[in-house]
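*Asks:* dropping a prediction and its sequence here:
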Amino acid sequence: MAWFVFILLAVLTIGGGLGVVATRNVVHAALSLLVSLVAVAGIYLVLFAEFLALVQVLIYGGAIIIVLLFAIMMTRNDEYPRITDNKQWPLAAIAALALMGILVPAFAINSVEGTHSQSASLTGIGEALFTTWAVPFEIASLVLLVALIGAIIIARSDDGARSDDAASPDDGDN
């Protein structure tokens, strides 16, 4: 039974990932990403990693998708030209397949060797996160916060300028 659930969740994960890259609608891509992330949380549950499943749902499924949808809502589609087809998609597909051809054997070789060091354990990850990577993590969060505040300021200042232009039409009736 666990294998059936695992296979079902794996298909949902891959299907959500394909939905992200195949759809032309950005909101549908975000929802496909949500499906994929929730399916990954289900895989964590099948593997009895409840904490990782909870983190996956709360951080990725909740916060990241909400920020992504917030950014989509703030983007003005009429200011940018419509991109319906990218002429470089065959080159991107070849590059993705080449990268996959390099990474699959690399992961297969690494898993065959069975290298399990202390840094790969949960304790090692926690230690590295709160010692070595604490400052870069905080700097990255501050950069994201400043970018989000800047986007809000730019969006509000443009709305104010547009309403002033609409309120005083220049048709020469003075």
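*Replies:* Now that the structure is in, tell me what you want to look at.
*Asks:* residue closest to the middle of the protein?
*Replies:* Centroid-nearest residue in the chain, with C-alpha atoms, centre = their mean: I64, separated by 6.5 Å.
*Asks:* so who does it touch?
*Replies:* By C-beta atoms under 8 Å, 6 or more residues apart in numbering, I64 lies in contact with L37. For glycine as for every other residue, the C-beta is placed from the backbone atoms N, C-alpha and C.
*Asks:* one more: G61?
*Replies:* Contacts of G61 by C-beta under 8 Å, 6+ apart are L34, L37, V38, A41.
*Asks:* per-residue pLDDT, the closest residue to V21 other than its chain neighbours?
*Replies:* Once flanking residues are discounted, V21 sits nearest to A29: 7.8 Å by C-beta to C-beta, 6 or more residues apart in numbering. What the model reports for A29 is a pLDDT of 85.
*Asks:* swap in the one 4 residues further on?
*Replies:* The score at L33 is 89. That number is its pLDDT.
*Asks:* what residues are up against it?
*Replies:* G16, G17, V20, I65, L68.
*Asks:* S32 is in contact with the last one, correct?
*Replies:* No: applying C-beta atoms under 8 Å as the test, L68 and S32 come out as separate, 11.6 Å apart.
*Asks:* pick out whichever of those two has more residues nearby.
*Replies:* S32 (20 against 16; other C-beta atoms under 10 Å).
*Asks:* who's in contact with the more buried one?
*Replies:* G15, G16, G17, L18, G19, V20, T23.
*Asks:* for the last one, give its distance to V38.
*Replies:* This means T23. 17 Å (C-beta to C-beta, to the nearest Å).
*Asks:* can you pull out the low-pLDDT segments for the chain?
*Replies:* Low-confidence segments of the chain (pLDDT under 70): 76-86, 110-122, 157-174.
*Asks:* what helix or strand is V55 located in?
*Replies:* helix 50-55 (DSSP states H and E).
*Asks:* render the CA-only coordinates of that helix in CSV, please.
*Replies:* What follows is helix 50-55, C-alpha atoms only, in CSV (Å, rounded to 0.1, in the frame of the first residue of the first chain):
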residue,chain,number,x,y,z
GLU,A,50,6.5,14.3,9.7
PHE,A,51,8.6,17.4,10.6
LEU,A,52,9.8,17.8,7.0
ALA,A,53,6.3,17.4,5.7
LEU,A,54,5.0,20.1,8.1
VAL,A,55,7.9,22.4,7.1
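*Asks:* show me what counts as buried in that helix.
*Replies:* For helix 50-55, a neighbour-count test (16 or more other C-beta atoms under 10 Å) marks L52, A53 as buried.
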